[in-house]
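Visitor: Predicted model and sequence follow; I will ask about them next.
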Amino acid sequence: MSAQKKKSKVVVENRCAAPRYSPQAAVASAAVGFLVLAGSELTALREFGVLLAASVVLSYLASRAVVWALPPGGRAGETSPVPAVTQLSRKVGTM
């Protein structure tokens, strides 16, 4: 394998592993932001904030369940040491 291909493979693998914690931070900040509306004196606004915060958390949990049930490149419960992007690039023949 040439140095160019090795370098691009490392970059792709690093990019796949990097955003591991950002979804949790996004869910937490969105949920807290919507829960701030729960302190409102307007009933409709208060209920809207609680409903949106709950929907953000539930959608995150649903996405985690899907990723757990259908992991990229394997069966449920199995983990693959190679990121899905690298597996795809091997099938296509790029990178």
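Guide: Sure, I can see it.
Visitor: biggest helix in the chain, by residue count?
Guide: Using DSSP state H to define each element, the chain has its longest helix at helix 43-69.
Visitor: so what secondary structure elements neighbour it?
Guide: helix 22-35 (3 or more CB pairs under 8 Å, 6 or more residues apart in numbering; DSSP states H and E). For every residue, glycine as well, the C-beta is placed using N, CA and C.
Visitor: what sits up against the helix it packs on?
Guide: 49-50, 52-53, 56-57, 60, 63 (CB atoms under 8 Å, 6 or more residues apart in numbering).
Visitor: For it, the averaged confidence score.
Guide: Throughout helix 22-35, pLDDT has a mean value of 92.
Visitor: for stretch 50-64, same thing?
Guide: 96.
Visitor: what sits up against that stretch?
Guide: Here stretch 50-64 has contacts from 23-24, 27, 30-32, 34-35, 37-38, using CB under 8 Å, 6+ apart.
Visitor: May I see the buried residues of that stretch?
Guide: 52-53, 56, 60 (16 or more other CB atoms under 10 Å).
Visitor: what kind of secondary structure is E41 in?
Guide: coil (DSSP: H, G, I helix; E, B strand; the rest coil).
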